[in-house]
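**Q** structure, please.
(3 chains)
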Amino acid sequence: MMKQRSFCTSLWQCYFEYSTPKILVIRSFKVGTLNRFTQALVIAYIIGYVCVLKKGYQDTDTVLSSVTTKVKGIALTNTSDLGLRIWDVADYVIPPQEENSFFVLTNLIITLNQTQSRCPELVLKFTSELTPKSPPSGVQTGKCVNYSADVKTCEVWAWCPLEMDAEPPVPPMLGDAENFTVLIKNSIRYPKFNFNKRNILPHVNTSYLEHCVFNRITDPDCPIFRLKDMVTEAEEDFQTMAVHGGVMGVQISWECNLDMPSSWCVPKYTFRRLDNKDPVNNVAPGYNFRFAKYYKNGDNQETRTLIKGFGIRFDVMVFGQAGKFNIVPTLVNIGAGLALLGLVTVVCDWIVLTCMTKKNLYMEQKYSYVDDFQLLSSETP
Amino acid sequence: MMKQRSFCTSLWQCYFEYSTPKILVIRSFKVGTLNRFTQALVIAYIIGYVCVLKKGYQDTDTVLSSVTTKVKGIALTNTSDLGLRIWDVADYVIPPQEENSFFVLTNLIITLNQTQSRCPELVLKFTSELTPKSPPSGVQTGKCVNYSADVKTCEVWAWCPLEMDAEPPVPPMLGDAENFTVLIKNSIRYPKFNFNKRNILPHVNTSYLEHCVFNRITDPDCPIFRLKDMVTEAEEDFQTMAVHGGVMGVQISWECNLDMPSSWCVPKYTFRRLDNKDPVNNVAPGYNFRFAKYYKNGDNQETRTLIKGFGIRFDVMVFGQAGKFNIVPTLVNIGAGLALLGLVTVVCDWIVLTCMTKKNLYMEQKYSYVDDFQLLSSETP
Amino acid sequence: MMKQRSFCTSLWQCYFEYSTPKILVIRSFKVGTLNRFTQALVIAYIIGYVCVLKKGYQDTDTVLSSVTTKVKGIALTNTSDLGLRIWDVADYVIPPQEENSFFVLTNLIITLNQTQSRCPELVLKFTSELTPKSPPSGVQTGKCVNYSADVKTCEVWAWCPLEMDAEPPVPPMLGDAENFTVLIKNSIRYPKFNFNKRNILPHVNTSYLEHCVFNRITDPDCPIFRLKDMVTEAEEDFQTMAVHGGVMGVQISWECNLDMPSSWCVPKYTFRRLDNKDPVNNVAPGYNFRFAKYYKNGDNQETRTLIKGFGIRFDVMVFGQAGKFNIVPTLVNIGAGLALLGLVTVVCDWIVLTCMTKKNLYMEQKYSYVDDFQLLSSETP
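**A** Numbers count the residues shown, from 1 in each chain, chains lettered A, B, ... in the order given. Predicted structure coming up:
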């Protein structure tokens, strides 16, 4: 029939052809109910999960962030080594600035007036084995000298006098640090949506900022945090943590639905301890490091004050995702949803053609056969 | 007919069965045009958006990066406190090295020769309320002493003399910092494709690197940046920003199509100010921090020079995504595209069976019925 | 037939309708084999790639991490400038603490007793061009003074004496740093699964940790690393690298399948050099920076020791992905797989209807026609 027509006409005709599958409609209580129930499940999944929960109609972007911090507070210590001493921000924040992190000194072992010279090695933990496995604090000269009246130890070339590597003082020397406050300034950007925001919200005014302190219930928008409050929210005790130090995570979450008013996009603060505080298998628990202040005395000889500083490092972690309506993911999700609806037919077909009493009737109506088996049968359908 | 054959033969036969849906072809100008138009839309979307714009045939990887920076430059200041003074890189970069960031001091309030002692508290901003809400700079001893001839204030134990927490000098003390240059070395890696590259491109030679300065038009490949140029590109004024400090983002973008020659994969630099400069609700605008240099004087007493340093922190942010042809995402995207083509039939069917004049003819041809309703009718199809 | 019934009944009936496509089954060796082969390919892809390799049935989460480091070791140097000198952790780790990174000094050029004063500029590299392109180390006063007996140079106001910016010493001054060890404590979290783990594994006890050193074969779980071992694993020579410094990446990978016992989730350490060591087009190869220690001498004049420090910066990079069974991605992947199975029909149809000898028979059986062309023909199907 087609062969007589010219190729051109055939192409023309083909262009206007629309192919649609032939459908068998089965009218049955059981099958129909099964069909609608499965469809309802899939549609509920698509609408409930994909659209509402996962917001599949939105394009998303992850946050870019910049953090600056400023600690305030004064601590007073009174020790035999140092006498009465005031500690201010230049003394206890080390290094003075970091990118997304700040460290506050809370406890210390101080060794004054060290010089490069010779001195006897320290005698360590007599309770342990005989060989003192202390980390070497200097290079042995090969001589043995009196450490005390009745003990002789090897002489070392080192920064002398050596640090007495004992347990840190309890209570912590800068326990007052619990009342220090920190101003955390965080400005974020979602580049795909050209959306910028700060954690100092527009409705907050300068006079409020000058005296407020963050409180989850009464002052949830204040970007000034008392150190003790942060530690307490992480269910830790500040004074205990201050002895050996530790690492705290200050998590700022910016989950924003930019289809909503931008004033709904606000930071959410949570606090978590990041290091493990007292598992059995731990070396160097807490957080500490050694640093020194270098001086020159009258005769131009270098001396230093060695400080083993224990303290809390606060890591500010900013994360979040913003979503905004976009036609492309919407189409993709609708497409994927309709593809899933195709599964309904697969499932129902299988049940209809294997479990129903009238399955042979359905099968006859649904399937036609073209037989090409020379081996098995010769009849044509 | 089937029942007589053995199960084995039936399975064998089943193995060689191929099921294909029966199709009704409708030849019509209207329906055909609608069909082809919808198909064209979907295909244009798949090719245009998925393949060309989003490069759906590519596997992607995000960048791993390592950054080192080196600032160069000399500034000269002349103040009553310090006299003539040269500032070099060891003086104005604090701390001397950071991971992805560097800070350049541009302005400062210096307090010389502080010692731990007693002194009268400062009298602050008489314009504000009567209670001086200044941050405490020390611990009150309980005595009242003469601050000046006619004003008495509380005595504090502190690092004395106290810092005069005034506004920073204008023009900024290290305004010369605008001519400092910074060499930013950035080497990146796309681990999935085992692809490494540096921001010092292969065609750039050492003698060029020794004197070049980045310029978007004339020297776009030079990795040495003048600080003022970076600030100017972010549409800020360096001298203004230098007074109170601020935070700049140096964004290096490595968007690479690795199906193209690797020499096409080059970094793109952009600069942006990250902190908000002058909104109304701001505390501590700009960027500053306090640090101290500690000395011991002749009689072994500790003194310090306290510096409230204002300056610009440059955060180097490296991001990017590389794509390379891979068979798996190609297949997934072709599959998803064909699934979308299935939608065409859904849309066209709906229009054909509800809007066309001959809809009953089409419906009769497309649908057959098997009726299983005992309630409604008793006829079998 | 339908028209007489009320709308309500029709809707009711429609609710219980189940539509299923009519299928033509072709029984043929060639077509059947083709069909099953294509199906097998798609199923193998789905099971093998999506389920087994990509674990498509799992929900995934990326790692949150916290890192602290602690370097141990002592180095001894003996130079004409400094005499015999011990270097401990407070001397060679600069700054004393960083977030995900630590720097170990391995070589240095030291300039002692600098003061703010006037001195003659240095004469540089006579081998290069006549114009000495040295970076300015001070501000020229405009006078010319004797640099040596027979050379005159410009006088500068600077930190004098000027640093002799020569090549760093070979062998490196702190070559002993190769035996330093570093304890890296890393605790990670997969927030979506509320899963925490440390790189100090539960079966490792404290006494083992006190003396172990990481070795890929004998001690793969020890979190204490010898610096030389790390550099050697990156196929670099420590003593060579120590001369000019460099940047090392310590990569900790936490790929976890949380459907398995959590004890199978262990960190994997790899080491890589991040900077390029000796390409031709390089400025300032290696890694170095300048820092200073400030002193005051007897008459309250500020002096400083300038150190150009060369060393190795170790960047600790933690990455990883955890997966755990979740019903949603499982459904999505099964759906996508079945959609791909739909492609099999498309491919087979095309082959059957264009290449087979009996294609006209198949076509007749598969397609029915409704013709709506007034132009081309007037017959109805």
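**Q** let me see the contact set for the nearest residue in space to residue A:232 that is not next to it in sequence.
**A** With sequence-adjacent residues excluded and distances taken as CB to CB, 6 or more residues apart in numbering or on different chains, residue A:232 is closest to residue A:238, at 6.9 Å. C-beta here means a position set from N, CA and C on the backbone, and glycine is covered the same way. Residues near residue A:238 by CB atoms under 8 Å, 6 or more residues apart in numbering or on different chains: A:177, A:178, A:227, A:228, A:231, A:232.
**Q** show the buried residues in those.
**A** The neighbour-count criterion (16 or more other CB atoms under 10 Å in any protein chain shown) marks A:177, A:178, A:227, A:228, A:231 among those as buried.
**Q** my guess is the first one meets residue A:108, correct?
**A** It refers to residue A:177. No: using CB atoms under 8 Å, residue A:177 makes no contact with residue A:108, being 11.5 Å away.
**Q** for chain B, give me its nearest residue in the stretch 101-250 of chain A.
**A** At 4.4 Å from chain B, residue A:209 is the closest residue in the stretch 101-250 of chain A, using CB to the nearest CB.
**Q** which SSE is that residue in?
**A** helix A:206-211 (DSSP states H and E).
**Q** average pLDDT for that helix, rounded please.
**A** Taken as a whole, helix A:206-211 has a mean pLDDT of 85.
**Q** which parts of it are buried?
**A** Applying 16+ other CB under 10 Å to helix A:206-211 flags residue A:209 as buried.
**Q** and the next helix or strand past it?
**A** That would be, after helix A:206-211 and using DSSP H and E, strand A:224-226.
**Q** tell me which residues are up against the very next helix or strand once past that following strand.
**A** Counting by DSSP H and E, the element after strand A:224-226 in chain order, helix or strand, is helix A:227-233. Contacts to helix A:227-233, defined as CB under 8 Å, 6+ apart, come from residues A:104, A:177-182, A:213-216, A:237-238, A:241, A:248, A:250, A:270-271, A:273, A:312, A:314.
**Q** out of these, name the ones that lie in helices.
**A** A:238, A:241 (DSSP state H).
**Q** buried ones among the contacts of helix A:227-233?
**A** A:104, A:177-178, A:180-182, A:214, A:238, A:241, A:248, A:250, A:271, A:273, A:312, A:314.
**Q** ok, which pair from these is furthest apart?
**A** Within the buried ones among the contacts of helix A:227-233, A:181 and A:273 form the most distant pair, 19.6 Å apart (CB to CB).
**Q** I'd guess residue A:353 is in a helix, am I close?
**A** Yes: under DSSP: H, G, I helix; E, B strand; the rest coil, residue A:353 falls within a helix.
**Q** per-residue confidence for it?
**A** 81.
**Q** residue A:318 now?
**A** Residue A:318 is given a pLDDT of 91.
**Q** which one of the buried ones among the contacts of helix A:227-233 is nearest to residue A:349?
**A** residue A:271 (55.1 Å).
**Q** mind checking how far that closest one is from residue A:231?
**A** Distance from residue A:271 to residue A:231, counting by CB to CB, to the nearest Å: 7 Å.
**Q** also residue A:52?
**A** When distance is defined by CB to CB, residue A:52 is 37 Å away from residue A:231.
**Q** wait, what's in contact with residue A:341?
**A** Counting by CB under 8 Å, 6+ apart, residue A:341 has contacts A:39, A:42, A:43.
**Q** now swap in residue A:246 and tell me
**A** Counting by CB under 8 Å, 6+ apart, residue A:246 has contacts A:236, A:273, A:274, A:275, A:277, A:286, A:287, A:312, A:313.
**Q** you'd agree the second one is up against residue A:248?
**A** Translated: residue A:273. Yes: using CB under 8 Å, residue A:273 is in contact with residue A:248, at 5.9 Å.
**Q** please enumerate the shared neighbours of these two.
**A** A:231, A:234.
**Q** okay if I get the buried ones among the contacts of residue A:238 as TSV plus pLDDT and distance to residue B:58?
**A** Formatted as TSV, the buried ones among the contacts of residue A:238 follow (pLDDT from 0 to 100; distance: CB to CB, whole Å):
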residue	pLDDT	distance to residue B:58
A:177	94	52
A:178	94	53
A:227	96	48
A:228	96	51
A:231	96	47
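**Q** what's the farthest-apart pair in those residues?
**A** A:177 and A:231 (10.1 Å).
**Q** not counting the helix holding residue A:209 itself, show me its contacts.
**A** Residues outside helix A:206-211 that contact it (CB under 8 Å, 6+ apart): A:200, A:222, A:223, A:224, B:133, B:280, B:281, B:282, B:283.
**Q** between those residues, which is nearest chain C?
**A** Nearest member of the contacts of helix A:206-211 to chain C, counting by CB to the nearest CB, is residue A:223, at 20.8 Å.
**Q** right, and that closest one touches residue A:213 too?
**A** No: because the distance of 10.2 Å does not satisfy CB under 8 Å, residue A:223 is recorded as not touching residue A:213.
**Q** ok so, going back, out of the contacts of helix A:206-211, which is most surrounded?
**A** residue A:200 (24 neighbours; other CB atoms under 10 Å in any protein chain shown).
**Q** over to that residue. Which of the three states is it?
**A** When classified by three-state DSSP, residue A:200 comes out as coil.
**Q** run a quick neighbour tally on whatever residue of the stretch 1-150 of chain A ends up closest to chain C.
**A** At 3.1 Å from chain C, residue A:32 is the closest residue in the stretch 1-150 of chain A, using CB to the nearest CB. Other residues within reach of residue A:32, judged by other CB under 10 Å, total 21.
**Q** doesn't it belong to a helix?
**A** Yes: under three-state DSSP, residue A:32 falls within a helix.
**Q** what's the burial count for the closest residue to it other than its chain neighbours?
**A** What sits nearest to residue A:32 in space, not counting adjacent residues and going by CB to CB, 6+ apart, is residue C:16, at 3.1 Å. When neighbours are defined as other CB under 10 Å, residue C:16 has 20 of them.
**Q** per-residue confidence for residue A:332?
**A** Taking residue A:332 on its own, its pLDDT is 69.
**Q** what pLDDT does residue A:191 get?
**A** Looking at residue A:191, its pLDDT stands at 85.
**Q** correct me, but it touches residue A:65?
**A** No: using CB under 8 Å, residue A:191 is not in contact with residue A:65, being 11.6 Å away.
**Q** more crowded one of these two?
**A** Looking at residue A:191 and residue A:65 with other CB under 10 Å, you find the greater number of neighbours at residue A:65, namely 21 against 14.
**Q** which ones are touching the more buried one?
**A** Contacts of residue A:65 by CB under 8 Å, 6+ apart are A:186, A:187, A:188, A:189, A:252, A:318.
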